[in-house]
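>>> sequence and predicted structure are below.
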Amino acid sequence: GNYTYSNDRVGIPVDSNQYTVRGTLTYTFDNPGFGFQVEGQDNFYFGPKYDLAHLWSAGGSLFFRDDKGTIGLSGSYFSVDDVALPLFTGKTSVESYGFFGEYYPFRVLTLQVKGGGTTGPIGLTSYYGGGGLTYYDGPDLSVHVEANVTSFQGHGNWTDFNAGIEYLPFNAVPM
């Protein structure tokens, strides 16, 4: 889970709070070999006047992984049940589809690429692409950086840069 505060000053000024609950299950049939992943997410979005909207999604991926990398296809369904300004002016749903790949050139480095698109009501059709890398400083610490670009049909582009650190404090409890 996580919490996000947004102070959007494009168009109508909106201060919003978002609480997210997410779950993922990954299963690999063989190594190397095929695997799948299913996931679900619910976002409790409090926007203008703290009106509540649920933004939820469910999706899955099918992939092949070996010691050189991973390649796969993904799809998902997203729905919002109420107004969630500035993103959504009412109830809507969006379907997403894409591909992804990872390459492991060294034991301490993973390179990532992804692309795809969405379909939905007029104005929500988009295409996206992105790339990133993860550096592993031993088995307990990793650093990830990523850049993504989404092009919305008739509504411009959205660029996202993010970075994160993962730390495993206890090897006996792999969380």
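Structure's in. What do you need?
>>> what segments of this structure are strands?
2-8, 14-28, 33-46, 52-66, 69-80, 92-106, 109-119, 126-136, 141-152, 156-167 (DSSP state E).
>>> list the buried ones in the last one?
The reference is to strand 156-167. Residues of strand 156-167 classed as buried: none (neighbour count, 16 or more other Cβ atoms under 10 Å). Backbone N, C-alpha and C define where each C-beta goes, glycine included.
>>> equivalent analysis for the fifth one, please.
Taking 16+ other Cβ under 10 Å as the basis for neighbour counts, the residues of strand 69-80 that come out buried are Thr70, Gly72, Ser74, Ser76, Phe78, Val80.
>>> contacting residues around the fourth one?
If you count contacts by Cβ atoms under 8 Å, 6 or more residues apart in numbering, Ser76 has them with Glu39, Ser57, Ala58, Gly59, Gly60, Glu95, Ser96.
>>> show me the beta-bridge partners of it.
Ser76 has these beta-bridge partners by DSSP bridges: Gly59, Ser96.
>>> cool, and Thr24?
Counting by DSSP bridges, Thr24 is bridged to Glu39.
>>> and for it, the neighbour number?
Neighbourhood size, Thr24 [other Cβ atoms under 10 Å]: 11.
>>> can you name the residues in contact with stretch 149-169?
123-130, 139-148, 174-175.
>>> buried among those? Need that as a selection in PyMOL.
To isolate the buried subset of those in PyMOL, counting by 16+ other Cβ under 10 Å, use the following:
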select buried, resi 124+125+126+128+130+142+144+146+148
